[in-house]
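Peer 1: A structural model of the following input is requested.
(2 chains)
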Protein chains: 2
Amino acid sequence: MPKKVDHEARRQEISEALWRIARARGLEGASLRDVAAEAGISLGRLQHYFRTKDEMLVFALAHINQMAEDRIRERIEALPGDPTPREVLHACLWGMLPLDEESRTGTLVGAAFFHRAVHDEALRAGPKDGIPKLRGFFADQLRRAAERGELPPERATEDEAMLLISLADGLSTYLLLDVHGPEQAMHLMDLHLSRLFADDATR
Amino acid sequence: MPKKVDHEARRQEISEALWRIARARGLEGASLRDVAAEAGISLGRLQHYFRTKDEMLVFALAHINQMAEDRIRERIEALPGDPTPREVLHACLWGMLPLDEESRTGTLVGAAFFHRAVHDEALRAGPKDGIPKLRGFFADQLRRAAERGELPPERATEDEAMLLISLADGLSTYLLLDVHGPEQAMHLMDLHLSRLFADDATR
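Peer 2: Take a look at the predicted model:
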């Protein structure tokens, strides 16, 4: 196996050890040493791949986001025919909610990351770059929907895209806090989407 | 000073030391010992008031939430005449966004709490009890607005109340991550509110 691939594979193994800790007891207070122990390697070996907890967190989050993206893309590609913009948005938003073990872990790693990024400008570079891209992608879908006559044209905006993203984030928080269950979170997301697409014929 | 009041005052002083740490560098990894040092007391003395970090976090959060509630109530009482339900909702939602130093600290302590509560059922008791109460209060305001003919009656629901709360939470996250600034967060909250109240006469 080429050296570079091996290096990536090892980083991924370590990252999976980090996820197991995130799932089981949270990353708060988890040290590099804890992650090394969980991965079954020495601390020195782990530091060969990640020098700091932040480096590890950024990698783990990028990797779990990539997995979520792949999962969402697969789901969209599995839709019969040419998916509508609304179906694309639906698949993305449902992929953002912590509805299964994998996306739940993603949200937990994301929360640990958030916690550190608030106090670290370098860490904030990720979301400061990534979220506007996601917002742009969502806005593109809204514009496509408006062109197809499926969305009131005045709703095809970056602002509406950001409301969708923010809502998915807030619903995820209350889902992880058991304030509501998965069914209710999906119902609320659906309710907002149907308002956006003006499903309610009375208005 | 009676003993009980003194005890509460001391807990509050310690809680303020915790906020200073939350503001400056975050609570991730902050130990009871760190908080004792910041408060200028011994670890043993601190443990006389809080046995665990969770106990301290719950107290600090309850206290900061109480301050936010007082601030919101003052703001509502300062409104001229009898405030409309929409003005009440506006004051509450704006009080939930991290727009100043105090509410920013509140959000940071809340994030630290969230991070631990996801893995601890006892800690989740707070939001599991508190958020439905807030949702109920918001729903009451929506019903009052509908009765006054200021809101389409079909929007006066617990679901719409929960969408408002979830949105405020998500907008706060992206505000603390610098994805958007305070102006943009307020603009997006306003946009959702104006859709809810059907300000847009074209729909």
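
Peer 1: nearest spatial neighbour of residue A:99, chain-adjacent residues omitted?
Peer 2: Nearest non-adjacent residue to residue A:99, counting by CB to CB, 6 or more residues apart in numbering or on different chains: residue A:182, 5.2 Å away. Any C-beta I mention is one placed from the backbone N, CA and C, and that applies to glycine too.

Peer 1: for the nearest residue to residue A:176 once chain neighbours are set aside, what are its contacts?
Peer 2: Distance criterion CB to CB, 6+ apart; nearest residue to residue A:176, sequence neighbours excluded, is residue B:118 at 4.9 Å. Taking CB atoms under 8 Å, 6 or more residues apart in numbering or on different chains, we find residue B:118 in contact with A:26, A:108, A:111, A:176, A:177, B:124.

Peer 1: and residue A:188, what element?
Peer 2: According to DSSP states H and E, residue A:188 maps onto helix A:182-196.

Peer 1: mind listing what's buried in that helix?
Peer 2: By 16 or more other CB atoms under 10 Å in any protein chain shown, the buried positions in helix A:182-196 come out as A:185, A:186, A:188, A:189, A:191, A:192, A:193, A:195, A:196.

Peer 1: then stretch A:172-179?
Peer 2: Across stretch A:172-179, burial judged by 16+ other CB under 10 Å covers A:172, A:173, A:174, A:175, A:176, A:177, A:179.

Peer 1: among those, which are in helices?
Peer 2: Per DSSP state H, helices hold the following members of those: A:172, A:173, A:174, A:175, A:176.

Peer 1: name the nearest residue to the second one, sequence neighbours excluded.
Peer 2: Here the nearest residue to residue A:173 in space, its sequence neighbours aside, is residue B:169; by CB to CB, 6+ apart that works out to 5.3 Å.

Peer 1: and the helices in chain A?
Peer 2: A:3-24, A:32-39, A:43-49, A:53-77, A:85-96, A:101-117, A:121-147, A:158-176, A:182-196.

Peer 1: ok, residues contacting the fifth one?
Peer 2: Read it as helix A:85-96. A:68, A:71-72, A:75-76, A:79, A:83, A:103, A:137-138, A:141-142, A:144-145, A:148, A:150-151, A:164-165, A:168-169, A:172, A:186, A:189, A:193, A:197.

Peer 1: Serialize the contacts of residue B:118 to CSV and add fields for pLDDT and distance to residue B:131.
Peer 2: Shown next, in CSV, are these (pLDDT from 0 to 100; distance: CB to CB, whole Å):
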residue, pLDDT, distance to residue B:131
A:26, 78, 20
A:108, 87, 19
A:111, 85, 17
A:176, 93, 12
A:177, 93, 8
B:124, 91, 10
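
Peer 1: which among those residues gets closest to residue A:59?
Peer 2: Here the nearest of those to residue A:59, counting by CB to CB, is residue A:108; it sits at 15.6 Å.

Peer 1: would you mind confirming that the closest one is in contact with residue A:24?
Peer 2: No. Using CB atoms under 8 Å as the test, residue A:108 is too far from residue A:24 to be in contact (10.1 Å).

Peer 1: between those two, which one's more packed in?
Peer 2: residue A:108 (22 against 10; other CB atoms under 10 Å in any protein chain shown).

Peer 1: got a list of what that one touches?
Peer 2: A:22, A:23, A:26, A:27, A:176, B:118.

Peer 1: show the average pLDDT along stretch A:54-67.
Peer 2: Confidence over stretch A:54-67 (mean pLDDT, whole number) is 86.

Peer 1: and that stretch, what's buried?
Peer 2: Buried positions in stretch A:54-67, judged by neighbour count with 16+ other CB under 10 Å: A:56, A:57, A:58, A:59, A:60, A:61, A:63, A:64.

Peer 1: cool, stretch A:126-139 as well?
Peer 2: A:126, A:127, A:128, A:131, A:132, A:134, A:135, A:138, A:139.

Peer 1: near chain B at all, it?
Peer 2: Yes. Using CB under 8 Å from any CB of the partner chain, we find that stretch A:126-139 touches chain B at A:127, A:128, A:131, A:132.

Peer 1: how about the closest residue to residue A:28 other than its chain neighbours, what does it touch?
Peer 2: Computed as CB to CB, 6+ apart, the closest residue to residue A:28 that is not its neighbour in sequence is residue B:115, at 5.2 Å. Contacts for residue B:115 (CB under 8 Å, 6+ apart) come out as A:26, A:27, A:28, A:111, A:112, A:115, B:28.

Peer 1: can we see that at 7 Å?
Peer 2: The neighbours of residue B:115, taking CB atoms under 7 Å, 6 or more residues apart in numbering or on different chains as the test, are A:26, A:28, A:111, A:112, A:115.

Peer 1: distance of the residue nearest to residue A:176 from residue A:167?
Peer 2: 20 Å (CB to CB, to the nearest Å).

Peer 1: got the contact list for stretch A:50-61?
Peer 2: Residues outside stretch A:50-61 that contact it (CB under 7 Å, 6+ apart): A:11, A:14-15, A:18-19, A:32, A:35, A:109-110, A:112-113, A:116, A:123, A:126.

Peer 1: mind running it again at 10 Å?
Peer 2: If you take CB atoms under 10 Å, 6 or more residues apart in numbering or on different chains as the criterion, stretch A:50-61 is touched by A:8, A:11-12, A:14-19, A:22, A:27, A:30-32, A:34-36, A:46-47, A:49, A:105-106, A:109-110, A:112-117, A:120, A:122-123, A:125-127, A:130, B:28-29.

Peer 1: filter those to the buried ones?
Peer 2: A:11, A:14-15, A:17-19, A:22, A:27, A:30, A:32, A:34-36, A:46, A:49, A:105-106, A:109-110, A:112-117, A:123, A:126-127, B:28.

Peer 1: surely residue A:145 touches residue A:196?
Peer 2: Yes. At 9.3 Å, residue A:145 counts as touching residue A:196 under the criterion of CB atoms under 10 Å.

Peer 1: now do the contacts for residue A:150.
Peer 2: Here residue A:150 is in contact with A:84, A:85, A:86, A:142, A:144, A:197, A:198 (criterion: CB under 10 Å, 6+ apart).

Peer 1: out of these, the closest to residue A:157 would be?
Peer 2: Closest approach between those and residue A:157, by CB to CB: residue A:142, at 7.0 Å.

Peer 1: tell me how many other residues crowd the closest one.
Peer 2: The local packing of residue A:142 (other CB under 10 Å) involves 24 other residues.

Peer 1: with adjacent residues omitted, what lies nearest to it?
Peer 2: Excluding its sequence neighbours, the residue lying closest to residue A:142 (CB to CB, 6+ apart) is residue A:156, at 4.2 Å.
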